[in-house]
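# Okay, predicted coordinates and the sequence, questions at the end:
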Amino acid sequence: MSQSASKAMTIAVAGSGRERIRRAVAPALAIMLATSLAGCSSWHRDSVTVGAIPDDYRTNHPIVIAEKNQKIDLPVGAGDRGMTGSQRDTLLGFLDGYDRSAAPALTIATPVGSANQAAAQAASRDFARLAMAAGVKRDRIVMTSYQSAVPEASAPVRVAFVTVKAQTDKCGRWPEDLLQTSENRHYADFGCSYQNNLAAQMSNPNDLLGPRKQSDIDAENRGRVIDVYRGRGISDEFLGNSEVTY
């Protein structure tokens, strides 16, 4: 074999080897590129999904102002003759939550067809008189009745009124495992008890809507306080212990 033929064969073998490498590398590069693009697409989709999920306990458990029916059942014995002392104290405590400025209707429902029907009717009249003495207007008291489910038993007298309350949803939702923290978000029940406690402490739910009107100042009392402050000056004890030199 001549030197030129041997050289041509070597070039052909080398060329065929590079072609095999090219054919082997090309699919691998294509797979790597597709994987990279899929990863970018997946990351973008997850970021949009996670970003759309609220992660604030005030958003997950908002405090809302809504009407709520306040009611109490006052047991009445078949042998009772009017309102008892225990019933009086219980009803007065219940009426402490009655908003006299809003003056909602106070409903007193007496059982009908029960063993204590006569005693319940007498107690209901006493309840109405006690409510008027406590500040409920006469025209806001509604006397009504309801059918007793068990005629042989004594049914209670039901007193109710509608009031505006600050409230939120009930706690205790655990839809996911607490160990699933890969998204670094609050769990579903986070902040629920805090929001419920805050709503329960609101004596006037309208305070959540905005500040009240400022009351008039007591100019005379304010003047006396300012005069005392001016006359007292800065005590030597404060000057000796203070890090600030006046």
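Nice, I can see it.

# CA only for contacts and neighbour counts going forward, please
Fine.

# following the helix or strand containing Ala120, which helix or strand shows up next?
Using DSSP states H and E, the element containing Ala120 is helix 117-133. Of the helices and strands lying after helix 117-133 in sequence (DSSP H and E), the nearest is strand 141-147.

# angle of that following strand against helix 117-133?
160 degrees (axes from the mean of the first three to the mean of the last three Cα atoms, to 10 degrees).

# Which strands and helices lie in contact with the helix holding Ala120?
On a contact count with 3 or more Cα pairs under 8 Å, 6 or more residues apart in numbering; DSSP states H and E, helix 117-133 meets helix 85-95, strand 106-112.

# repeat that with 10 Å
In terms of contacts (3 or more Cα pairs under 10 Å, 6 or more residues apart in numbering; DSSP states H and E), helix 117-133 is packed against strand 64-74, helix 85-95, strand 106-112, strand 141-147, strand 157-167.

# can you give me the end-to-end distance of stretch 172-184?
End-to-end span of stretch 172-184 (Cα to Cα, to the nearest Å): 20 Å.

# which ones are touching the residue nearest to the spatial centre of the chain?
In the chain, the C-alpha nearest the mean C-alpha coordinate belongs to Thr168, at 3.3 Å (Cα atoms, centre = their mean). By Cα atoms under 10 Å, 6 or more residues apart in numbering, the contact set of Thr168 is 60-66, 192-193, 195-200.

# Check the helices and strands packed on helix 117-133 for me and report the most buried one.
Ranked by mean neighbour count, the helices and strands packed on helix 117-133 are led by strand 106-112 with a mean of 22 (mean count of other Cα atoms under 10 Å).

# Okay, angle between that strand and helix 85-95 too, please.
Orientation of strand 106-112 against helix 85-95 (the same axes, to 10 degrees) gives an angle of 140 degrees.

# hang on, the earlier thing: any idea how far the residue nearest to the centre of the chain is from Pro62?
Thr168 sits 6 Å away from Pro62, going by Cα to Cα.

# Give me the common contacts of the two.
What both Thr168 and Pro62 touch, as defined by Cα under 10 Å, 6+ apart, is the set Cys192, Gln195, Asn196, Ala199.

# Give the burial count for the last one, as a bare number.
Taking other Cα atoms under 10 Å as the neighbour definition, Ala199 ends up with a count of 21.

# ok, now how distant is the closest residue in space to Gln87 that isn't next to it in sequence from Tyr146?
Distance criterion Cα to Cα, 6 or more residues apart in numbering; nearest residue to Gln87, sequence neighbours excluded, is Leu74 at 6.7 Å. Noted for Leu74: a distance of 14 Å to Tyr146, by Cα to Cα.

# lowest-confidence helix or strand of this protein?
Within the chain, confidence by mean pLDDT, DSSP states H and E is lowest for helix 3-51 among all helices and strands, at a mean of 53.

# so for the next helix or strand after it, what's the average pLDDT?
As assigned by DSSP H and E, the chain's next helix or strand after helix 3-51 is helix 57-60. The predicted model assigns helix 57-60 a mean pLDDT of 86.

# Could I get the buried residue list for helix 57-60?
The neighbour-count check on helix 57-60 (16 or more other Cα atoms under 10 Å) flags Tyr57, Asn60 as buried.

# which residues sit against that helix?
53-54, 168-169, 186-192, 194-195.

# Send over it as CSV, restricted to the C-alpha atoms.
Provided in CSV are the C-alpha atoms of helix 57-60 (Å, rounded to 0.1, in the frame of the first residue of the first chain):
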residue,chain,number,x,y,z
TYR,A,57,-53.2,35.0,58.8
ARG,A,58,-55.3,38.1,58.5
THR,A,59,-56.2,37.0,54.9
ASN,A,60,-56.7,33.4,55.7
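
# could you say what helices and strands the helix or strand harbouring Ser193 packs with?
Per DSSP H and E, Ser193 falls inside helix 192-200. Under the contact criterion of 3+ Cα pairs under 10 Å, 6+ apart, helix 192-200 touches helix 57-60, strand 157-167.
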